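>>> Have a look at this prediction, sequence included:
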Amino acid sequence: MKNKRRTFTLGFKILAASMSIHCKRVCDVAGELNISARTLQHWKKLYQEGRFTIKKTSNEIYHKNELQKLRKQIKELEIERDIIKKAQNIFSGSG
């Protein structure tokens, strides 16, 4: 029977790496978290190098692009609104 490979969240990896840096030795932290010291040493190295980042999913990228389009559209509509207000003031004789 094969052992199932465990996966860990990015948050767990960051927490484990920072514990090994700030609190205790790598082997002690690894024992407490029930992971191998070699794995924790690797995570610690990545953490210190600043290589732990959250990868953006295509859905997040889509939403970011959509937000940029909507902000641009809002600016254009605000400009149009201001032009209409100015024209209204001119034609009503109060400008």
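Nice, I can see it. In this text, all values refer to a predicted model and were calculated from it rather than measured experimentally.
>>> distance between the longest helix anywhere in the chain and the chain's centre?
When the chain is parsed with DSSP state H, its longest helix is helix 58-92. Put simply, helix 58-92 sits 27 Å off its chain's centre (Cα atoms, centre = their mean, to the nearest Å).
>>> tell me what it is packed against?
For helix 58-92, there is no helix or strand it packs on, judged by 3 or more Cβ pairs under 8 Å, 6 or more residues apart in numbering; DSSP states H and E. (Each C-beta comes from the backbone N, C-alpha and C, glycine too.)
>>> Please parse the chain into its domains.
7-55, 57-95 (automatic domain parsing).
>>> secondary structure class for Phe52?
coil (DSSP: H, G, I helix; E, B strand; the rest coil).
>>> So what's the predicted local confidence for it?
What the model reports as pLDDT for Phe52 is 78.
>>> what's the neighbour count on it?
Neighbour count of Phe52, defined by other Cβ atoms under 10 Å: 14.
>>> Ok, Leu70 next?
10.
>>> Over to Lys44?
19.
>>> do the one 4 residues further on as well
Here the count is done by other Cβ under 10 Å, and Gln48 has 12 residues near it.
>>> now Val26
19.
>>> What of Cys23?
10.
>>> How about it, nearest residue that isn't a chain neighbour?
Val29 (6.9 Å; Cβ to Cβ, 6 or more residues apart in numbering).
>>> That neighbour and Ile21: what is the separation?
As judged by Cβ to Cβ, to the nearest Å, Val29 and Ile21 stand 9 Å apart.
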